[in-house]
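J.: let's see this in three dimensions:
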Amino acid sequence: MANEKLCDMTVRELLAATASRAPAPGGGGIAAMTAAAAAALLEMVANLTIGKKGYEQAAADMQHIKLQCERIREYCLTAIDADAEAFRSVIAALRLSKDRPERPEKIQQAFKEAAQVPYELSTQIFIILELSQNVIRNGNSWALTDAAISVLQARAAMRSAFYSVKVNLSSIKDPQFIEVMEQAMLELDRRAEVIEQEVLNVYDHR
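T.: Numbers count the residues shown, from 1 in each chain. I've put the predicted structure just below:
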């Protein structure tokens, strides 16, 4: 199983790998898996709306949402492996001989890439939240709880991804890179919080 992609493992195998003494997959990979589950739930609600009597006017939008969620779900699954690979790159850079003049630069680059992987994941998670606004208003009412749970899972995954970004930023010495990443996360989190509250409020009153 050494060369097997993490995203191709069964759920049981992936969780066993996470629970092992190996440092990867870890929190970043689980955040990606959670995001994939959030996309899958929203995709399911869209599928349960398409072709359903009484939801004809929503069909076109739900078809678009279905395709978007499918793409994001696949992206998030590949992000499980991307996160593990970024961690391995950091370890490889740290293990370089201290006599090598390029070592500091390689370490910094590895940490930057390790921060960018979960940040990029968070931007895809945000799209899930944006799509959920339509689903929670116009999706099959019998499956709205699944859409609400998708939102909760997406927000948990986003917050987790931000933690993975921040832990890598703590080892980066480029203040401009840090400021850009921190501001981007703050803005994304602010917008995500607004959507989460609006969607859950619609769910509670629909």
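
J.: C-alpha only now, for contacts and for neighbours.
T.: Will do.

J.: which SS class is the residue of the chain most remote from its centre?
T.: Outermost residue of the chain with respect to the C-alpha centroid, by Cα atoms, centre = their mean, is residue 99; its distance is 37.8 Å. Counting by DSSP: H, G, I helix; E, B strand; the rest coil, the backbone at residue 99 sits in coil.

J.: could you tell me the phi and psi values at it?
T.: phi -80, psi -10 (degrees, to the nearest 10).

J.: from here on, call the first residue 72.
T.: Sure, I'll start counting at 72 from here, so that last one is residue 170.

J.: give the contact list for residue 225.
T.: 105, 106, 109, 110, 196, 197, 199, 200 (Cα atoms under 8 Å, 6 or more residues apart in numbering).

J.: what's the helix or strand for the second one?
T.: Here residue 106, judged by DSSP states H and E, is contained in helix 98-120.

J.: shaky segments in this structure?
T.: Flagging of the chain using pLDDT under 70 yields the residue ranges 72-74.

J.: recalculate using a threshold of 90.
T.: 72-75, 277 (pLDDT under 90).

J.: dihedrals phi and psi, residue 91?
T.: phi -70, psi -180.

J.: start and end of stretch 121-131, how far apart?
T.: Counting by Cα to Cα, to the nearest Å, you get 8 Å between the two ends of stretch 121-131.

J.: how about stretch 190-207 as CSV, C-alpha atoms only?
T.: Once side chains and other backbone atoms are set aside, the C-alpha atoms of stretch 190-207 remain, and they are given as CSV (Å, rounded to 0.1, in the frame of the first residue of the first chain):
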residue,chain,number,x,y,z
TYR,A,190,-5.3,27.8,1.3
GLU,A,191,-6.2,26.7,-2.2
LEU,A,192,-8.4,24.0,-0.6
SER,A,193,-10.2,26.7,1.4
THR,A,194,-11.0,28.7,-1.8
GLN,A,195,-12.7,25.6,-3.2
ILE,A,196,-14.6,25.1,0.0
PHE,A,197,-15.9,28.6,-0.3
ILE,A,198,-17.5,27.7,-3.6
ILE,A,199,-19.4,24.9,-1.9
LEU,A,200,-20.8,27.5,0.5
GLU,A,201,-21.8,29.8,-2.3
LEU,A,202,-23.6,27.0,-4.1
SER,A,203,-25.4,26.0,-0.9
GLN,A,204,-27.3,29.3,-1.0
ASN,A,205,-29.3,28.2,-4.1
VAL,A,206,-29.7,24.6,-2.9
ILE,A,207,-31.0,25.6,0.5
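
J.: can you pull the buried residues of that stretch?
T.: Of the residues in stretch 190-207, those buried under the neighbour-count criterion (16 or more other Cα atoms under 10 Å) are 190, 192-193, 195-207.

J.: circling back to that earlier point, counting contacts, what elements does the helix holding residue 106 pack onto?
T.: Helix 98-120 makes packing contacts with helix 130-165, helix 174-209, helix 215-240 when contacts are defined by 3 or more Cα pairs under 8 Å, 6 or more residues apart in numbering; DSSP states H and E.

J.: that one: how far from the chain's middle?
T.: Its chain's average C-alpha position is 9 Å from that of helix 98-120, according to Cα atoms, centre = their mean, to the nearest Å.

J.: same thing with stretch 263-276?
T.: 19 Å.
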